[in-house]
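A.B. asks: build me a model from this:
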Amino acid sequence: MMKFYAERFMEIGSVLTRLDDLGRSDEASADGIVPAYPWRDYMVVLRKDCEEVGLRTSVMAINKILYKLEADQLSFRTFGQATNVLRERISDELSLITVMRIPEEKSALYDKPDAFGSEVEKDFLMRALI
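C.D. replies: You can find the predicted model right below:
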């Protein structure tokens, strides 16, 4: 079972807020090149968070942005467009995730490896892969 880590979602939201701020700035409509710092650092944090949450296509979009940032090939205008696409992609992927809240007093029941024995566990995994 994948655990929900609220801090990952908070970090994703924080980086997206920074990107939104850039999108509303005067620089966003300029053709100047985006400096790698601090945007590269923000993207690296965002990629790590997206990887941990399982947002695979968002990670792919971030990798494209990072490649262009590191090659000094990204104008503010293009960066703004790319981050808008990224924001939509993250939103779409997050909308596909179902989060189930389990009361803390019952969480131990859901966090037991081999809860039904190794034979049932193996059979379940084999059937899940079919």
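A.B. asks: chain neighbours aside, what residue packs nearest to I102?
C.D. replies: Distance criterion Cβ to Cβ, 6 or more residues apart in numbering; nearest residue to I102, sequence neighbours excluded, is Y110 at 5.6 Å. All C-beta spots, glycine's among them, are computed from the backbone N, C-alpha and C.
A.B. asks: for the most centrally placed residue in the chain, give me its contacts.
C.D. replies: Computing the C-alpha centroid of the chain and ranking residues by Cα atoms, centre = their mean puts C50 first, at 2.1 Å. If a contact means Cβ atoms under 8 Å, 6 or more residues apart in numbering, then C50 has 12, 58-59, 62, 90 as its contacts.
A.B. asks: those in helices, which ones?
C.D. replies: Mapping the contacts of C50 onto helices (DSSP state H) picks out 12, 58-59, 62, 90.
A.B. asks: which two of those residues have the greatest separation?
C.D. replies: I12 and V59 (11.8 Å; Cβ to Cβ).
A.B. asks: look up phi and psi at the residue nearest to the centre of the chain.
C.D. replies: phi -60, psi -40 (degrees, to the nearest 10).
A.B. asks: for the one 5 residues further on, same thing?
C.D. replies: According to degrees, to the nearest 10, the main-chain angles of L55 amount to phi -90, psi 80.
A.B. asks: next up, the contacts around it.
C.D. replies: L55 is in contact with 89-90, 93-94, counting by Cβ under 8 Å, 6+ apart.
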